[in-house]
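S.K.: generate coordinates for the sequence data below:
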Amino acid sequence: MGTDTLFPGFAARRVRTTGAEIACVTGGSGPPLLLLHGYPQTHAMWHRVAPALARNFTVVCADLRGYGDSSKPVAQPDHAQQSKRAMAQDMVEVMRELGHPRFGLAGHDRGGRVAHRLAVDHPDAVERLAVLDISPTRTMYAQTDRAFATAYYHWFFLIQPFDLPERLIGADPVYYLSRKVGAWSAGGGKGIPAHFDPRALAEYERCFADPATIHATCEDYRAAATIDLEHDDADVAAGRRVQCPLLALWGDRGVVHRLFDPLANWAEVAVDVRGRALPAGHFLAEEAPEQTLAELAGFFAPGA
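M.R.: Residues are numbered from 1 along each chain as shown. Next comes the predicted model:
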């Protein structure tokens with residue numbers, strides 16, 4: 001991992017779980033707080049908020065399986081290896097290995113979907129849950145229309161059978177990544193916005209250029225459109241909801257703000273929901289780090 005300068009004072013770790021080997025950095029002291037990144041990034045996305053959170057929390061920033069420097073499990077026909085259930089199990093095992101059987105949990109984008117699954121599957125492990133710039137997967141698929149399909153075309157592109165998206169992305173992965181992060185940022189431009197630290201961007205580019213990462217991240221989306229929805233449907237049928245307090249944050253210049261109602265959407269699957277929009281596009285922790293930090297620090301503070 002090349003993120004030493006992004007996370008001063010943090011220690012790099014590798015933790016072997018039942019199904020993967022997870023790369024992470026840890027720092028600080030206090031109540032444990034796990035931060036999960038989204039697509040197409042790595043744990044480096046937290047570099048503007050994690051060091052400050054580490055003043056009051058024991059912070060763990062992990063690469064999801066299939067992403068960054070974590071291992072890339074062999075694909076299965078039903079995509080179970082990249083299901084949010086499997087990815088959540090990794091993180092529970094990581095935190096237990098680090099001595100944190102119960103912890104605060106925040107996830108952005110795909111990390112938020114993993115965090116949602118973790119809170120449902122392992123309610124005793126999660127003290128509080130924050131989800132950044134997403135509504136529940138099941139809700140977003142159910143409300144698909146032309147506007148959503150246009151803005152989130154990658155949801156439908158990446159789920160195409162192997163190896164169509166892998167070959168197309170692999171032809172120029174750095175270009176693809178730059179178009180993604182540019183389009184999802186406030187303003188929706190084609191280039192790399194100034195709020196991306198060149199050191200973090202270099203990490204995203206290094207990791208995403210790996211064909212194994214491209215394949216694994218496609219598998220992430222294939223799982224989301226298949227086995228993850230089966231798990232979500234089973235939750236609804238059984239009446240399972242997120243029981244811990246849930247904070248939803250989203251960008252007021254992003255797709256989720258424009259096309260969904262995050263507070264109402266999360267209230268359908270969680271019992272205690274609060275949150276608000278922040279002045280940003282999709283990448284809250286990099287576009288609006290001070291506001292994101294304030295919201296997370298307040299929400300996860302002991303006794304909050």
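S.K.: and the helix or strand in which residue 96 is found, how far out from the chain middle?
M.R.: When elements are assigned from DSSP states H and E, residue 96 belongs to helix 84-97. Its chain's C-alpha centre and that of helix 84-97 lie 14 Å apart, by Cα atoms, centre = their mean, to the nearest Å.
S.K.: state the mean pLDDT of it.
M.R.: Here helix 84-97 scores 98 as its mean pLDDT.
S.K.: after it, which helix or strand is next? Please name it.
M.R.: Following helix 84-97 toward the C-terminus (DSSP H and E): strand 103-108.
S.K.: so what touches the helix or strand that that following strand is followed by?
M.R.: Moving toward the C-terminus from strand 103-108, the first helix or strand encountered (DSSP H and E) is helix 110-121. Contact with helix 110-121 is made by 35-39, 64, 84-85, 87-89, 91-92, 105-107, 125-126, 129-134, 136-137, 220, 224, 228, 231, 235, 240-244, 246, 269, as judged by Cβ atoms under 8 Å, 6 or more residues apart in numbering. (Each C-beta comes from the backbone N, C-alpha and C, glycine too.)
S.K.: keep only those of the residues you listed that are in strands.
M.R.: If you go by DSSP state E, these have 35-36, 105-107, 126, 129-132, 246 in strands.
S.K.: before we move on, the earlier item: the helix holding residue 96 to strand 126-132, inter-axis angle?
M.R.: Interaxial angle, helix 84-97 versus strand 126-132 (axes from the mean of the first three to the mean of the last three Cα atoms, to 10 degrees): 130 degrees.
S.K.: just the C-alphas of helix 84-97, formatted as PDB.
M.R.: Presented in PDB, the C-alpha positions along helix 84-97 are these (Å, rounded to 0.1, in the frame of the first residue of the first chain):
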ATOM      1  CA  LYS A  84     -22.400  -8.100   0.200                       C
ATOM      2  CA  ARG A  85     -22.900 -10.900   2.600                       C
ATOM      3  CA  ALA A  86     -19.500 -12.300   1.900                       C
ATOM      4  CA  MET A  87     -17.900  -8.800   2.000                       C
ATOM      5  CA  ALA A  88     -19.600  -8.000   5.300                       C
ATOM      6  CA  GLN A  89     -18.400 -11.300   6.800                       C
ATOM      7  CA  ASP A  90     -14.800 -10.200   5.900                       C
ATOM      8  CA  MET A  91     -15.200  -7.000   7.800                       C
ATOM      9  CA  VAL A  92     -16.700  -8.600  10.900                       C
ATOM     10  CA  GLU A  93     -13.700 -11.000  11.000                       C
ATOM     11  CA  VAL A  94     -11.300  -8.200  10.400                       C
ATOM     12  CA  MET A  95     -12.700  -6.200  13.300                       C
ATOM     13  CA  ARG A  96     -12.700  -9.200  15.600                       C
ATOM     14  CA  GLU A  97      -9.100 -10.000  14.800                       C
END
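S.K.: who does it touch, helix- and strand-wise?
M.R.: strand 11-16, strand 21-28, strand 32-36, strand 58-62, helix 110-121, helix 211-224, helix 227-238 (3 or more Cβ pairs under 8 Å, 6 or more residues apart in numbering; DSSP states H and E).
S.K.: now list the buried members of the contacts of helix 110-121.
M.R.: Neighbour-count burial (16 or more other Cβ atoms under 10 Å) is assigned, among the contacts of helix 110-121, to 35-39, 64, 84-85, 87-89, 91-92, 105-107, 125-126, 129-134, 136-137, 220, 224, 228, 231, 235, 241-242, 244, 246, 269.
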